[in-house]
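Engineer: curious how this folds, go ahead:
(chains A and B)
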Amino acid sequence: MSHLLLTARLDVKESIRAKWFVVYSLIFGGIVAAFFAFGITESRVLGFMGLSRLLVTYIQIAMAIMPVFILITTVRSVAGDREAGVFEYLLSLPVSLRSWYWGKLFGRFLVVFLPVFLAMAAAAGWATLQEIEVPWKMFGVYTGLLAAMSWCFLGLGMFLSSIARSTDVAQGSAFMLWLTCLLFLDLILLGVMIQGRISPDVVVGLALINPLQVFRTGALMLFDPQLVVFGPAAFVIYDYFGGPNFIAYAMAYPVALGTLGASVGYAAFKRGDLV
Amino acid sequence: MRWLALLLVLTSLPASPREDAGGNTDVVPLQPLIDATPSGGTLRLNPGRFSGPAVITRPMTLDGQGHATLDGQGRGTVLTVRADGVTVTRMHLTRSGASHDAMDAALEVESSGNSITHNVIDAVLFGVHVKGGDRNVVCGNRISSLEEEAGMRGDAVRVWNGRFNRIEGNDISHARDVGLANAPDNVVRGNVVRGGRMGVNLVFSPRVTIEGNWLDGNLAGVAVMYSNDVVLRGNRVQHSMSVSGSGLAFKESSQVRVEGNTVLHCAVGAKTNAPTDQAAIVSFFGNRFAHNVAAMDFYGENGGHVLHGNRFEKNLSQVTVSAPMSARGHDWQGNSWDDYEGFDRDGDGVGDVPYEKWAFSDRIWMEEPRATFFRNSPALELLDFLERLAPFASPELTLRDSRPVVGELPAGGELSRPPQVPSCPESVATQGNSF
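Structural biologist: All right, here's what the predicted structure looks like:
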């Protein structure tokens, strides 16, 4: 087995033993269970009920929680190993830095994405048993969007972890990145848009650099294809992208951003001082 | 004598396209057959393809018996009716020209007291164009337009400068509008209109009744502009989900009565401008607004509209306004609100405290529509939460219903399925003005 796969397997094993993984899995599994228990599939919003209604709510919660979980747990990996002196040990082993770094990334991707996906899959399975119609197309696109978002924040987390000199700095930076994506960037752009000094096209364009906003828009497009909820800004998105193209962008852009972050992080990690 | 004999034959025997040895039918021009039909006669066409354009200039019945096609060959209007008391029934009318300037149509009716029933109309720009005619019945037809984007198609039925016409029980899909312009006193009843621009579009058409129609997936359901004393009753409008669309829209129209309609899953349930004077009000009684992005949207600053006994269920926003006073000046009473936060301890069916809507940070996107992009985003939700928790500025009251109904309001004759095609009159020539 290649070193990359061995490292990935090692990371998966370590993560599964860790408490954060238990909490992370319980949260997403618990959300789905709570949705069923409290009858959210029986409620309606904008004509969506059943599993579509559950997925709409689930995706909103995943958007808020998932990035911070991924960032906080990932940024500890490189910086934490550096602090724990793992690299000194690593240098004595016949494992390349490349295998170690990317193996860790792939292993971590499985660990962060699978609980979220399995919770959704369990919801679909339970719905099938309960004879609730499963919107498979929506399920498939949501899965793609979640995978893209996981990869994006994983890559950004590895980047922060590689350039930070300590876990404290890495965690602080990760938290700031999450807050920026979730709140600060939108608040700034909201202010700019209200002032009206910059064209709305530019503001919407800047907002769509934010991977969380891209994810939100892509997910929204599935149950509101005309993006009516966005008001006139919908025209900007449709003029520049069109519906199917935006879904493709919502998957490709976060993956590209995550890959870029991880690659830059790898370059910093490779050239940096390991001990 | 020879012509008289021919006329007798034509009025008694079906006209038929010629058939060659291979069973292919030639396209026979229809105009000579029409010209040979006497006034008051019936021209029954056998199955086959006839060529247009054609013009009817005397009272007669043209009956395609469900299998005759009149092909306009892409030139102008397929069939024009210039005489009163004509019946066109069971025809397939197809392939008009595509000129908006000439208003190329399947059927142009320039006269009164005609009956257009049970025809199939497709691949035409406009469907039935009633141009200056009264007391016509357009009933039980199946109509679709050209494969263009909605705004570039023609109206399925258009009435211009005509009164006492009835548009009933038509099945319309992928056309532009059912449009009435300068056309008072008409009735639009029991039609199914799908996938068009506007289900029904009134401009300068007072005293029109729009009743029992099923309007599904149009960019807008019913638009009433500059038309007074209009009645909208028992219609079902659903899935009008374009950004600029709405289920019902009213502009500069007085004494409009909107009752017992169901408006589901639209971008805006009903959009109304402020009354321009005290009489220019729209009254909403017993309507149901459910699963809309915004149930009602008001623009302008005067109050005065009347809203009694309506149900508001599972809308993302119940009411949006262009200014805080746009909605609170209306007469809200006895409506049912699914987000009412109150009790009915005396059990009289009326909430113990008024239903009130206050605008917090949602004022941002109501006052600056471009900022709607951030609506329901975590940033704006957080702002809204903080505003409610510890307001930095006084929130604005947007509406107050002093007697909110708690519990179920009785359903007001809602349509639960598309209306069936009615039995249409064979001829209206002898009916006279029955309105």
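Engineer: any idea how far the closest residue to chain B within chain A is from residue B:317?
Structural biologist: Nearest to chain B in chain A, going by CB to the nearest CB, is residue A:231, at a distance of 2.8 Å. Bear in mind the C-beta positions are built from the backbone N, C-alpha and C, glycine included. As judged by CB to CB, to the nearest Å, residue A:231 and residue B:317 stand 12 Å apart.
Engineer: next SSE after the lengthiest helix in chain A?
Structural biologist: For chain A, the helix with the greatest residue count under DSSP state H is helix A:50-84. Following helix A:50-84 in sequence order, the next helix or strand is helix A:86-91 (DSSP states H and E).
Engineer: packing partners for the helix or strand that comes right after that following helix?
Structural biologist: Scanning forward in sequence from helix A:86-91 by DSSP H and E, the next helix or strand is helix A:97-129. Packing contacts for helix A:97-129, counted by 3 or more CB pairs under 8 Å, 6 or more residues apart in numbering or on different chains; DSSP states H and E, involve helix A:3-17, helix A:19-37, helix A:50-84, helix A:136-163, helix A:243-271.
Engineer: please identify the buried residues of the first one?
Structural biologist: Taking 16 or more other CB atoms under 10 Å in any protein chain shown as the neighbour-count basis, helix A:3-17 is seen to contain the buried residues A:3-4, A:7-8, A:11-12, A:15.
Engineer: can you check the second one too?
Structural biologist: If you call a residue buried by 16+ other CB under 10 Å, then helix A:19-37 has these buried ones: A:21, A:24-25, A:27-29, A:31-32, A:35-36.
Engineer: of all those residues, which comes closest to residue B:209?
Structural biologist: Proximity of these to residue B:209 (CB to CB) peaks at residue A:35, which lies at 45.8 Å.
Engineer: overlap in contacts, residue A:231 and residue B:317.
Structural biologist: Residues touching both residue A:231 and residue B:317 by CB atoms under 8 Å, 6 or more residues apart in numbering or on different chains: none at all.
Engineer: spit out the contact partners of the residue in chain B positioned nearest to chain A.
Structural biologist: Here chain B gets closest to chain A at one residue, residue B:372, 2.8 Å apart by CB to the nearest CB. Counting by CB under 8 Å, 6+ apart, residue B:372 makes contact with A:229-233, B:365.
Engineer: again, only this time at 7 Å
Structural biologist: Counting by CB atoms under 7 Å, 6 or more residues apart in numbering or on different chains, residue B:372 touches A:230-233, B:365.
Engineer: returning to that earlier point: would JSON lines of the buried residues of helix A:19-37 with pLDDT and distance to chain B be doable?
Structural biologist: Compiled in JSON lines, the buried residues of helix A:19-37 are given as follows (pLDDT from 0 to 100; distance: CB to the nearest CB, whole Å):
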{"residue": "A:21", "pLDDT": "78", "distance to chain B": "25"}
{"residue": "A:24", "pLDDT": "79", "distance to chain B": "20"}
{"residue": "A:25", "pLDDT": "79", "distance to chain B": "23"}
{"residue": "A:27", "pLDDT": "81", "distance to chain B": "17"}
{"residue": "A:28", "pLDDT": "77", "distance to chain B": "18"}
{"residue": "A:29", "pLDDT": "74", "distance to chain B": "23"}
{"residue": "A:31", "pLDDT": "78", "distance to chain B": "17"}
{"residue": "A:32", "pLDDT": "72", "distance to chain B": "21"}
{"residue": "A:35", "pLDDT": "71", "distance to chain B": "17"}
{"residue": "A:36", "pLDDT": "63", "distance to chain B": "20"}
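Engineer: and the furthest pair within those?
Structural biologist: Between any two of the buried residues of helix A:19-37 (CB to CB), the greatest distance is 23.0 Å, for A:21 and A:36.
Engineer: next secondary structure element downstream of the strand or helix carrying residue B:312?
Structural biologist: Assessed by DSSP H and E, residue B:312 sits inside strand B:311-313. Later in the chain than strand B:311-313, the nearest helix or strand by DSSP H and E is strand B:317-321.
Engineer: show residues contacting that next one.
Structural biologist: The contact list for strand B:317-321, computed with CB under 7 Å, 6+ apart, reads B:293-298, B:312, B:327, B:337, B:339, B:357, B:366, B:398-399.
Engineer: so where is the stretch 51-200 of chain A shaky, pLDDT-wise?
Structural biologist: Applying pLDDT under 70 to the stretch 51-200 of chain A flags residues A:51-55.
Engineer: hmm, 90 instead?
Structural biologist: Where the stretch 51-200 of chain A drops to pLDDT under 90, the residues are A:51-70, A:72-105, A:107-108, A:110-143, A:146, A:161-171, A:181-200.
Engineer: can you list the residues of it near chain B?
Structural biologist: With CB under 7 Å from any CB of the partner chain as the criterion, the stretch 51-200 of chain A meets chain B at residues A:64, A:182-183, A:186-187, A:190, A:193-194, A:200.
Engineer: so which of those belong to helices?
Structural biologist: If you go by DSSP H, those have A:64, A:186-187, A:190, A:193-194, A:200 in helices.
Engineer: which one of those has the most neighbours?
Structural biologist: Within these, neighbour counts (other CB atoms under 10 Å in any protein chain shown) peak at residue A:193, which reaches 27 neighbours.
Engineer: for residue 208, list the residues it contacts.
Structural biologist: You didn't say which chain, so I picked chain A. Applying CB under 7 Å, 6+ apart, we find residue A:208 in contact with residue A:214.
Engineer: wrong chain, I was asking about chain B
Structural biologist: B:180, B:184, B:186, B:188, B:202, B:227, B:230.
Engineer: what residues does the host helix or strand of the fifth one touch?
Structural biologist: Read that as residue B:202. Element membership of residue B:202 [criterion: DSSP H and E] is strand B:198-203. The contact list for strand B:198-203, computed with CB under 7 Å, 6+ apart, reads B:177-181, B:188, B:193, B:208, B:210, B:213, B:215, B:218-227, B:230, B:237.
Engineer: just the buried members of those?
Structural biologist: Buried residues within the contacts of strand B:198-203, counting neighbours by 16+ other CB under 10 Å: B:177-181, B:188, B:193, B:208, B:210, B:213, B:215, B:218-225, B:227, B:230, B:237.
Engineer: mind checking which of those are in strands?
Structural biologist: Using DSSP state E, the subset of the buried ones among the contacts of strand B:198-203 located in strands is B:177-181, B:188, B:193, B:210, B:215, B:220-225, B:237.
Engineer: tell me which two of these sit farthest apart.
Structural biologist: Greatest spatial distance among those (CB to CB): B:181 and B:237, at 20.9 Å.
Engineer: quick revisit: what is the three-state secondary structure of the residue of chain B closest to chain A?
Structural biologist: Assigned with DSSP: H, G, I helix; E, B strand; the rest coil, residue B:372 falls in the helix class.
Engineer: can you report how many residues lie near the nearest residue to it once chain neighbours are set aside?
Structural biologist: Spatial nearest neighbour of residue B:372, excluding adjacent residues (CB to CB, 6 or more residues apart in numbering or on different chains): residue A:231 at 2.8 Å. Residues near residue A:231, counting by other CB under 10 Å, number 22.
Engineer: surely residue A:231 touches residue B:369?
Structural biologist: Yes. Judged on CB atoms under 7 Å, residue A:231 makes contact with residue B:369 at a distance of 5.1 Å.
Engineer: who's residue B:142 bridged to?
Structural biologist: Residue B:142 has these beta-bridge partners by DSSP bridges: residue B:120, residue B:171.
Engineer: list the contacts of it.
Structural biologist: Residue B:142 touches B:120-121, B:171, counting by CB under 7 Å, 6+ apart.
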